[in-house]
Structures are given as C-alpha cells and as structure tokens.
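1. pasting the structure only:
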C-alpha cells in the first residue's frame, strides 16, 4: 500500500514537472515569436526608408544632412542585436524619421507628391504595427518572466536554466515626459 502511495506521489510530481516545463517552453517560444514579429516589421521599415529618401532626395538638396542621418540611423538599426540594442537604435531612427517628415512639410512639391504620401502612409502603418508587436512581445515576455520568477515555476526554470527575456523600454528620459498642453484661447 505504501509503495503504491509513493508511486502515485512520484507520478504526480513527474506530471507536474513535465507540465511546468512545457508551459515554460511554450512561453519561451511565444516570446521568440513575438520578437520575430517585431523583426519582420522592422525589416519592412528598413526597406521602406531608402525608397523614401530616394524619392525626396532630389528636391531636398539643402537637407542632405537630415537625409544622411536617416540613412545612418537606418543602417545602425538594421545591425542591432538583442532587444535593448534594437530599442535604442530604433528610437534614434524614429527621431530621424520624425525630423525628415517635419522637413517634408516645408516643401509643397513633396507634400503633394503621391509617392512621398504613399511612403509616409506605409511607414506610419508600419510604425503602428511595430508598436502593436512590441506591446505583444512585452506582454508575453512579462508572462514568461513572471512564470520563471514565481513559485513553483522558479524551481523548474532554474533546473533547466531558463533565462528571463528583455523587454522593450523607453531609453531616452525625455520620451517619458508628459507633453505640455495649453488649451487657453489667449493670443
């Protein structure tokens, strides 16, 4: 009788370990998939940028420095390794693109150019997809990290050397600041 009880207890522990291990593997794979989804959108973004730069280059001769910064930021972002490095370099690229879009507004011929409009819309759409992909990644990576850090998952995670996932975070403190809004009608 005691032998059956011990075998039953052993079987329960084995099933529990297998279940916990499989849930950690599932979360790790979902986290990897989340990162790959971000990577796909970043690749799309990186592919669109040279087209935009080439489209506006001829009419923005005086803004060559801005165009070069966009290309440098794009090349740097394309060579990023890991979540933290990608987040930092993509933030620089986002800033460079924002400056480029602001400058395009100063050129009436570019504002009315259908190619420029289409590329801006595609980049804006891609930016939204990147934002959603980052949110999904952070959500699933957080679940994966919590499962590794809470009891009893931490036992299995340490037994099988699972590592926590990095999260996308705001790297530049200025981006955390709340923008000032003045709704007064005073002039």
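-> Arrived safely, thanks for sending. This structure is a prediction, so every number in the text was calculated from the model and none was measured.

2. ignoring the adjacent residues along the chain, who's closest to the residue sitting nearest the centre point of the chain?
-> Centrality entry for the chain: nearest residue to the mean C-alpha point is residue 134, 3.8 Å, by CA atoms, centre = their mean. Nearest residue to residue 134 in three dimensions, chain neighbours excluded: residue 168, at 4.7 Å (CB to CB, 6 or more residues apart in numbering). In short, each C-beta sits where N, CA and C put it, glycine included.

3. what do you get for residue 144?
-> Nearest to residue 144 is residue 27, by CB to CB, 6+ apart, at 3.9 Å.

4. which element is that neighbour on?
-> In the assignment (DSSP states H and E), residue 27 maps to helix 2-57.

5. now do the buried residues in stretch 76-87.
-> 76, 77, 78, 80, 83, 86, 87 (16 or more other CB atoms under 10 Å).

6. contacts for stretch 118-137?
-> Stretch 118-137 has contacts (CB atoms under 8 Å, 6 or more residues apart in numbering) with 31, 34-35, 37-38, 40-42, 44-45, 48-49, 51-52, 55, 90, 94, 97, 101, 104, 167-168.

7. show me where the chain dips below the pLDDT cut-off.
-> Counting by pLDDT under 70, the chain contains low-confidence ranges at 61-62, 170-187.

8. if you set the cut-off to 80 instead, what comes out?
-> For the chain, applying pLDDT under 80 flags the ranges 57-64, 107, 109-112, 169-187.

9. residues making contact with the helix or strand hosting residue 109?
-> Here residue 109, judged by DSSP H and E, is contained in helix 108-111. Residues outside helix 108-111 that contact it (CB under 8 Å, 6+ apart): 56, 59, 60, 104, 105, 116, 117.
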